[in-house]
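Q: Sequence first, then the predicted structure, then my questions.
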Amino acid sequence: MRRRAPVAKADCALAQGVEEIGDRWALLILREAFFDVMRYDDIRKDLGIPRSVLTDRLARLVARGLLEKRPYREAGDRLRFGYTLTGKGRDLAITLIALTQWSEANILKRSGPVEVVDAENGRALRVALVDDEGKIVAPERAIPKLRDGYEDQTGA
C-alpha cells in the first residue's frame with residue numbers, strides 16, 4: 001500500500017490544475033461561462049453565490065487567464081462588463097464533460113438534462129480514454145505510471 005503520492009504536489013499536473021481552477025465556486029462559475037451566461041447578476045442569481053465570493057472568484061479566474069472581461073451595453077444602460085471563456089478556459093471543456101459523465105453515472109444515476117453534441121451532425125459526444133493508436137481503453141485499465149526520467153519521490 002502506497003502511503004504518499006509518487007510525485008510532489010508542486011510537480012503534479014493534476015494538483016496544479018486543481019490549484020489553478022480553485023474551488024467549487026470557481027467550477028460553478030466556469031459552468032455558467034460554458035452555458036454562455038456572462039453577466040455578473042445572471043451568474044449570481046443562477047448560483048445563489050454571495051456577491052463578495054463571486055467578485056473574488058471572477059477576479060481570480062480572470063487573473064489566471066480562464067475568463068476575460070468584455071464590455072457590453074444594453075439599450076438604455078451604462079457600460080458593463082461580462083465574463084467569457086478564454087482559450088485556456090475553453091480547454092477545460094473535456095474536464096467538465098468528464099465530470100458531468102461521472103456525475104450522471106454515480107450521483108444522478110441517470111442522464112442529466114443537458115448533453116454535449118457534435119455541432120456538425122448533432123450526435124452525442126462522450127469523453128473517453130484513447131491510446132496512441134486511437135483505440136478506446138476502459139477506465140479500469142488505466143493506471144498512473146511515472147514517465148521515464150522521473151523518480152518516485154517517496155522511495156516506495
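A: Received the coordinates, thanks. These numbers come from a predicted model, not from an experiment.
Q: List the contacts of the helix or strand harbouring F81.
A: Taking DSSP states H and E as the criterion, F81 maps to strand 80-85. For strand 80-85, contacts defined as Cβ atoms under 8 Å, 6 or more residues apart in numbering pick out 29-30, 33-34, 38-40, 43, 58, 61-62, 66-74. Just so you know, the C-beta spots here come from the backbone N, C-alpha and C atoms, and that holds for glycine as well.
Q: before we move on, what about stretch 139-156?
A: Identification of contacts with stretch 139-156 by Cβ under 8 Å, 6+ apart yields 2-8, 11, 129.
Q: go on, stretch 48-57?
A: Residues from elsewhere that reach stretch 48-57, judged by Cβ under 8 Å, 6+ apart: 22-23, 25-26, 28-29, 40, 43-44, 47.
Q: Determine how far it lies from the middle of the whole chain.
A: 18 Å (Cα atoms, centre = their mean, to the nearest Å).
Q: Same question for stretch 110-129.
A: For stretch 110-129, the distance to the chain centre is 16 Å (Cα atoms, centre = their mean).
Q: Quick one: end-to-end length of that stretch, please.
A: 21 Å (Cα to Cα, to the nearest Å).
Q: buried sites along it?
A: Using 16 or more other Cβ atoms under 10 Å as the test for burial, stretch 110-129 gives 116, 127.
Q: Now that stretch: average pLDDT?
A: For stretch 110-129, mean pLDDT is 96.
Q: Tell me the helix or strand right after the strand holding F81.
A: Helices and strands here follow DSSP H and E; after strand 80-85, the next one along the chain is helix 87-90.
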